[in-house]
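>>> I would like the atomic coordinates for the input below:
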Amino acid sequence: MTLGQELGAYAVTTGEDVARLRETSRLLPRSTWGGPPSATASTPTPATPSSSWRSCGTSRGLDLLLAENLVEATPDTGAFVMFSGVLKRTAVKLSKMCNDLRLLSSGPRCGLAEINLPPMQPGSSIMPGKVNP
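Modelled structure (predicted):
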């Protein structure tokens, strides 16, 4: 396997995670503005929560939606759980990619030393690895 193939695989998996984040983030702007009293029409005007929520989203440039069933949506935290799960999955994948690259570039005394970048110029005698401008 070449480094290009590995980096290509990283690009694919990162693209998949971006797509999953976009999918789950579409669930977040649903709200229960007004809550169960609005769902049971005990408020003076049942349209008030919907219009308030729409104007709130418009003023902030967000596409906010009022949940279809306010009673069901009030205790529901499923969208946040799903988004959290996707974020955790993405974080684990990014951590694995970083650890793989670190292992492949570690060396020469210990590690794999499979990724070798050519030296740009000699470093400082006092601080090895420092590149002078």
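>>> and Leu70, how many neighbours?
By other CB atoms under 10 Å, 19 other residues sit near Leu70. Every residue, glycine included, has its C-beta placed from N, CA and C.
>>> what does Thr13 give?
The burial count for Thr13: 15, using other CB under 10 Å.
>>> pretty sure it contacts Lys93?
Yes: counting by CB atoms under 8 Å, Thr13 sits close enough to Lys93 to count as a contact (5.8 Å).
>>> In the chain, where is pLDDT below threshold?
Scanning the chain for pLDDT under 70 picks out 31-57, 59-60, 62, 118-125, 127-133.
>>> how about a cut-off of 80?
29-75, 107-113, 116-133 (pLDDT under 80).
>>> So for the biggest helix by length in it, what gets flagged as buried?
Assignment by DSSP state H gives helix 78-105 as the longest helix of the chain. Neighbour counts over helix 78-105 (16 or more other CB atoms under 10 Å) mark Ala79, Met82, Phe83, Val86, Thr90, Met97, Leu104 as buried.
>>> Okay, helices next: where are they in this structure?
In the chain, the helices defined using DSSP H lie at 3-25, 35-39, 48-60, 70-73, 78-105.
>>> Throw the buried residues of helix 78-105 into a markdown table and include distance to Asp63, thanks.
Formatted as a markdown table, the buried residues of helix 78-105 follow (distance: CB to CB, whole Å):
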| residue | distance to Asp63 |
| --- | --- |
| Ala79 | 15 |
| Met82 | 18 |
| Phe83 | 16 |
| Val86 | 20 |
| Thr90 | 23 |
| Met97 | 32 |
| Leu104 | 42 |
